[in-house]
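*Asks:* Give the three-dimensional model of this entry:
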Amino acid sequence: MGAPLVTVAVVARTLAQLWNKPLLGVNHCVGHIEMGRLITGAQNPTVLYVSGGNTQVIAYSERRYRIFGETIDIAVGNCLDRFARVLKISNDPSPGYNIEQMAKKGQKLVELPYTVKGMDVSFSGILSHIEVRNPGVLAPSPSSTH
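*Replies:* Numbering: from 1, shown residues only. Got it, this is the predicted structure:
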(Lines give C-alpha, C1' and ligand atoms only; values in the text may rest on other atoms or scores of the structure.)
Protein backbone atom coordinates (compact mmCIF):
# COMPACT_ATOMS: atom_id res chain seq x y z
CA MET A 1 0.00 0.00 0.00
CA GLY A 2 2.84 2.39 0.76
CA ALA A 3 4.19 2.85 -2.77
CA PRO A 4 0.83 3.70 -4.40
CA LEU A 5 -0.01 6.15 -1.61
CA VAL A 6 3.34 7.92 -1.93
CA THR A 7 2.92 8.10 -5.72
CA VAL A 8 -0.55 9.63 -5.48
CA ALA A 9 0.65 12.10 -2.83
CA VAL A 10 3.48 13.27 -5.13
CA VAL A 11 1.06 13.67 -8.06
CA ALA A 12 -1.46 15.55 -5.89
CA ARG A 13 1.23 17.95 -4.59
CA THR A 14 2.54 18.50 -8.12
CA LEU A 15 -0.92 19.29 -9.51
CA ALA A 16 -1.69 21.61 -6.59
CA GLN A 17 1.51 23.56 -7.29
CA LEU A 18 1.01 23.62 -11.06
CA TRP A 19 -2.55 24.91 -10.79
CA ASN A 20 -1.91 27.05 -7.71
CA LYS A 21 -4.61 25.25 -5.72
CA PRO A 22 -4.56 24.32 -2.04
CA LEU A 23 -4.02 20.68 -1.16
CA LEU A 24 -6.61 19.58 1.39
CA GLY A 25 -6.33 16.49 3.53
CA VAL A 26 -9.47 14.36 3.67
CA ASN A 27 -10.26 11.62 6.18
CA HIS A 28 -11.01 8.53 4.08
CA CYS A 29 -13.85 7.36 6.33
CA VAL A 30 -15.43 10.81 6.49
CA GLY A 31 -15.15 11.07 2.70
CA HIS A 32 -17.31 7.95 2.31
CA ILE A 33 -19.84 9.18 4.86
CA GLU A 34 -20.03 12.66 3.34
CA MET A 35 -20.68 11.20 -0.10
CA GLY A 36 -23.56 9.17 1.35
CA ARG A 37 -24.86 12.24 3.18
CA LEU A 38 -24.74 14.28 -0.03
CA ILE A 39 -26.52 11.62 -2.08
CA THR A 40 -29.25 10.91 0.50
CA GLY A 41 -29.73 14.44 1.78
CA ALA A 42 -29.40 13.19 5.37
CA GLN A 43 -28.89 16.07 7.82
CA ASN A 44 -27.61 14.29 10.95
CA PRO A 45 -26.97 10.66 9.99
CA THR A 46 -26.03 7.79 12.25
CA VAL A 47 -23.86 5.44 10.22
CA LEU A 48 -22.53 1.93 10.57
CA TYR A 49 -19.20 2.35 8.78
CA VAL A 50 -17.86 -1.02 7.67
CA SER A 51 -14.68 -1.57 5.69
CA GLY A 52 -11.78 -3.98 5.65
CA GLY A 53 -10.05 -2.20 8.51
CA ASN A 54 -12.82 -0.32 10.31
CA THR A 55 -16.16 -1.02 11.93
CA GLN A 56 -17.62 2.01 13.67
CA VAL A 57 -20.97 3.44 14.75
CA ILE A 58 -20.64 7.12 13.85
CA ALA A 59 -23.14 9.97 14.27
CA TYR A 60 -23.09 13.49 12.87
CA SER A 61 -24.08 16.26 15.26
CA GLU A 62 -23.20 19.94 15.54
CA ARG A 63 -21.03 19.83 12.40
CA ARG A 64 -18.83 17.02 13.78
CA TYR A 65 -18.65 13.26 13.50
CA ARG A 66 -18.54 11.35 16.75
CA ILE A 67 -17.66 7.68 17.17
CA PHE A 68 -20.12 6.02 19.52
CA GLY A 69 -18.89 2.46 19.13
CA GLU A 70 -16.35 0.39 17.25
CA THR A 71 -14.88 -3.06 16.98
CA ILE A 72 -12.67 -4.05 19.88
CA ASP A 73 -10.81 -6.72 17.93
CA ILE A 74 -11.36 -7.38 14.20
CA ALA A 75 -13.22 -5.25 11.67
CA VAL A 76 -16.23 -6.81 9.92
CA GLY A 77 -14.62 -6.55 6.47
CA ASN A 78 -11.45 -8.28 7.66
CA CYS A 79 -13.54 -10.88 9.50
CA LEU A 80 -15.54 -11.66 6.33
CA ASP A 81 -12.35 -11.91 4.25
CA ARG A 82 -10.78 -14.36 6.71
CA PHE A 83 -14.07 -16.26 7.16
CA ALA A 84 -14.26 -16.76 3.37
CA ARG A 85 -10.59 -17.80 3.19
CA VAL A 86 -11.07 -20.47 5.88
CA LEU A 87 -14.13 -21.84 4.08
CA LYS A 88 -12.47 -21.49 0.65
CA ILE A 89 -15.17 -19.11 -0.64
CA SER A 90 -14.18 -17.19 -3.77
CA ASN A 91 -12.94 -13.59 -3.69
CA ASP A 92 -14.66 -12.91 -7.03
CA PRO A 93 -16.38 -10.45 -6.97
CA SER A 94 -15.89 -10.12 -3.18
CA PRO A 95 -15.91 -12.43 -0.17
CA GLY A 96 -18.68 -10.54 1.64
CA TYR A 97 -20.95 -10.60 -1.40
CA ASN A 98 -20.36 -14.32 -1.94
CA ILE A 99 -21.06 -15.10 1.73
CA GLU A 100 -24.31 -13.10 1.51
CA GLN A 101 -25.44 -14.94 -1.65
CA MET A 102 -24.69 -18.32 -0.08
CA ALA A 103 -26.55 -17.32 3.11
CA LYS A 104 -29.64 -16.39 1.07
CA LYS A 105 -29.73 -19.96 -0.27
CA GLY A 106 -29.07 -21.57 3.10
CA GLN A 107 -31.53 -23.84 4.86
CA LYS A 108 -29.84 -24.05 8.25
CA LEU A 109 -29.17 -21.27 10.74
CA VAL A 110 -25.77 -21.57 12.37
CA GLU A 111 -25.38 -19.45 15.51
CA LEU A 112 -22.06 -17.62 15.43
CA PRO A 113 -20.60 -16.05 18.57
CA TYR A 114 -20.10 -12.31 18.75
CA THR A 115 -20.06 -9.86 21.64
CA VAL A 116 -21.63 -6.44 22.12
CA LYS A 117 -20.29 -4.29 24.97
CA GLY A 118 -22.25 -1.05 25.09
CA MET A 119 -21.89 0.11 21.50
CA ASP A 120 -18.58 -1.70 20.94
CA VAL A 121 -18.55 -5.06 19.16
CA SER A 122 -16.28 -8.09 18.95
CA PHE A 123 -16.28 -10.51 16.01
CA SER A 124 -13.17 -12.62 16.66
CA GLY A 125 -15.37 -15.39 18.15
CA ILE A 126 -16.89 -15.93 14.70
CA LEU A 127 -13.49 -16.79 13.22
CA SER A 128 -12.54 -18.98 16.16
CA HIS A 129 -15.83 -20.86 15.83
CA ILE A 130 -15.31 -21.51 12.11
CA GLU A 131 -11.63 -22.44 12.46
CA VAL A 132 -12.05 -24.76 15.46
CA ARG A 133 -15.50 -26.31 15.08
CA ASN A 134 -15.94 -26.53 11.31
CA PRO A 135 -12.62 -27.21 9.61
CA GLY A 136 -13.05 -28.01 5.94
CA VAL A 137 -16.69 -26.91 5.70
CA LEU A 138 -17.58 -26.21 2.04
CA ALA A 139 -14.10 -27.27 0.98
CA PRO A 140 -13.56 -30.65 -0.69
CA SER A 141 -11.72 -33.12 1.48
CA PRO A 142 -8.40 -34.43 0.10
CA SER A 143 -9.89 -37.91 -0.39
CA SER A 144 -12.85 -36.60 -2.44
CA THR A 145 -10.63 -34.94 -5.05
CA HIS A 146 -9.14 -38.25 -6.35
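*Asks:* Return the residues in contact with the most centrally placed residue in the chain.
*Replies:* The centroid of the chain falls nearest to residue 51 when counting by Cα atoms, centre = their mean (2.1 Å). Residue 51 sits next to 29, 32, 75, 77 when contact means Cβ atoms under 8 Å, 6 or more residues apart in numbering. All C-beta atoms are positioned from the backbone trio N, CA, C, and that covers glycine.
*Asks:* tell me the pLDDT at the second one?
*Replies:* So that's residue 32. Note for residue 32: predicted pLDDT of 90.
*Asks:* Give me the secondary structure label for it.
*Replies:* What DSSP: H, G, I helix; E, B strand; the rest coil gives for residue 32 is helix.
*Asks:* which non-adjacent residue is nearest it?
*Replies:* Spatial nearest neighbour of residue 32, excluding adjacent residues (Cβ to Cβ, 6 or more residues apart in numbering): residue 49 at 7.0 Å.
*Asks:* what are the phi and psi angles of that neighbour?
*Replies:* phi -90, psi 120 (degrees, to the nearest 10).
*Asks:* Show me where the chain has its helices.
*Replies:* Here the chain has its helices, by DSSP state H, at 2-18, 28-40, 76-86, 95-105, 124-133.
*Asks:* among the ones you listed, which is nearest residue 116?
*Replies:* Using Cβ to Cβ as the measure, helix 124-133 is the one of these that comes nearest residue 116, at 11.5 Å.
*Asks:* relative to helix 76-86, how tilted is that closest one?
*Replies:* Counting by axes from the mean of the first three to the mean of the last three Cα atoms, to 10 degrees, helix 124-133 lies at 10 degrees to helix 76-86.
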